[in-house]
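Novice: Fold the following.
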Amino acid sequence: MYIEQIYTGCLAQGAYYIESEGVSAVIDPLRESSPYINRADSRNAKIKYIFETHFHADFVSGHLDLAKKTGAMIVFGPTAQTKYESYIAKDGEVFEIGKIKIKVLHTPGHTQESTTYLLIDENGKNHAIFSGDTLFIGDVGRPDLAVKSDLTKEDLASMLYDSLQSKIMPLEDDILVYPAHGAGSACGKKMSKETVDFLGTQKRTNYALLAPDKESFVKQVLDGIMPPPPYFPINAKMNKEGYESFDSVMQKGKVALSPEMFEEVVNANSALMLDSRYQQEFNKAFIPNSVNISLDGQFAPWVGALIPDVSQPIVLIAEESRLDETMMRLARVGYENILGYLEGGIESWKKAGKETDSINSLSPIELKNKFEAGEIKTILDVRKPSEYEVSHIPGAINFPLDFINDRMHELDKEANYVLHCSGGYRSMTTASILKSRGFENVVDVDGGFSAIADTGIKLVSNN
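Specialist: So this is what the prediction gives:
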């Protein structure tokens, strides 16, 4: 028996490759199918099944392409309905993979079709559960993503409680828990950085599993959930109904554009100029009105959170060595309308004599000195509310990047703003968005709040 967790940190997502006797299965694959096919080929194995724990909302699954390329059967749990060929398993149904078995445990709550897969080893012993978004390490799945008119988030939370109590809690403590996500995913709120654990440890430490009754569980699980990103329902729909092949999407986006052609495409299509370079390179010189979401972070989730329409025409400014990575990570969350990229990057733009813009930065010590001297009037802390509440600069306004599209009207284009986040990633993205919408007087703080705190500046702290 062989089990491999294929964890993608920028999405906080875990896919799984399992194998026995030359027969393999993949659980919750990402959009690109080559990693799974390559693993099977290198091990002289054949992929027989693709198990989906639910209709994922935070990424486009690779089940369709993988099935077409390998002939593997796509398996969903009870109540799932798809517009493509798939097998809808029954609760308790068992699938054989060489000498091991996968047993279907229907665990509705995160979504109605949510299913946990129990792996039974060669000796007939329960070995692990692939819990999808039903059970995380330190948390459980949010129950507010599949609400219908006759089904409230409280109803789904109640279902989740029943699923956990009837299907998961009775299992042995020494079973391994392999979830679909870890810390950083928007599918939960208290997920651990660890990506695997023993079930017994979770029974003792996971706040949701320690709830004394259903009423307490529902209240705790629903408390403090951030609104889901707007792309979530679109991704879930794509996973349920189907989508264009990954290879086709990648090929269509590889259109090299000269600076002149780049401008023409942008103007003719009202295309968004997305610059995926490292933030401290972007700020030195960028195309006016372009937006920076750097690959050196949670690129795809931030694209999904900040660009509401997945069909938005996009042109890319990227390092050409990372162009494929940029398009792949966009496709993972359903952004497929890529019209091309700036050939030669920002350097070709400069050589063509085109205008560039820049964003000024302050060092943390410069911020401290200017703030204490009364020279800085408005600081925008673009971290999440939970981060701001722990500790912040006195008088700083909490203006989370997550909600920038909803709160832009609160800002004054004539005012001066100093921006910071935790480490510099989110503040540069915020600054670029503000600049693209006519806010000229924005300054970023190098290193973010962690560096600011090291200067000894007086902070408001709830610790």
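
Novice: can you give me the helices for the stretch 1-150 of the chain?
Specialist: For the stretch 1-150 of the chain, the helices defined by DSSP state H, counting those that start in this stretch occupy 34-42, 63-70.

Novice: most tightly surrounded among those?
Specialist: Of the helices of the stretch 1-150 of the chain, the one with the most neighbours on average (mean count of other C-beta atoms under 10 Å) is helix 63-70, at a mean of 20. Backbone N, C-alpha and C define where each C-beta goes, glycine included.

Novice: Mind listing residues that contact that one?
Specialist: 26, 29, 31, 33, 36-37, 40, 46-47, 50, 52, 72-74, 84, 239, 242-243, 245-247 (C-beta atoms under 8 Å, 6 or more residues apart in numbering).

Novice: Next: stretch 203-214.
Specialist: 135, 137-140, 158, 161-162, 164, 169, 173, 190, 202, 217, 220-221.

Novice: Can you flag the buried ones in the residues you listed?
Specialist: With burial judged by 16 or more other C-beta atoms under 10 Å, the buried subset of the contacts of stretch 203-214 is 135, 137-140, 158, 161, 164, 190, 202, 217, 220-221.

Novice: Next, format these as TSV and append pLDDT and distance to Gly423.
Specialist: Below are these laid out as TSV (pLDDT from 0 to 100; distance: C-beta to C-beta, whole Å):
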residue	pLDDT	distance to Gly423
Leu135	98	30
Ile137	97	24
Gly138	96	22
Asp139	96	23
Val140	97	28
Ser158	97	39
Tyr161	98	37
Leu164	98	35
Lys190	84	21
Gln202	98	30
Phe217	97	34
Gln220	96	30
Val221	96	29
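
Novice: pLDDT below threshold where in the stretch 101-250 of the chain?
Specialist: Counting by pLDDT under 70, the ranges of the stretch 101-250 of the chain that qualify are 147-149.

Novice: and of the helices of the stretch 1-150 of the chain, who's closest to Lys370?
Specialist: Judged by C-beta to C-beta, the one of the helices of the stretch 1-150 of the chain that comes nearest to Lys370 is helix 34-42, at 48.3 Å.

Novice: other SSEs contacting that closest one?
Specialist: Applying 3 or more C-beta pairs under 8 Å, 6 or more residues apart in numbering; DSSP states H and E, one finds that helix 34-42 makes contact with strand 2-8, strand 13-20, strand 23-27, strand 46-51, helix 63-70.

Novice: With distance to Asp446 added, can I get these in TSV?
Specialist: Listed next are the helices and strands packed on helix 34-42 as TSV, based on distance: least, C-beta to C-beta, whole Å:
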stretch	distance to Asp446
strand 2-8	28
strand 13-20	30
strand 23-27	41
strand 46-51	45
helix 63-70	42
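
Novice: circling back: out of the contacts of stretch 203-214, which two are the most distant from each other?
Specialist: Taking C-beta to C-beta as the measure, these span a maximum distance of 25.5 Å, between Ser158 and Asp173.

Novice: rewinding a little: name the nearest of the contacts of stretch 203-214 relative to Lys384.
Specialist: For the contacts of stretch 203-214, the nearest to Lys384 is Lys190 (13.1 Å; C-beta to C-beta).
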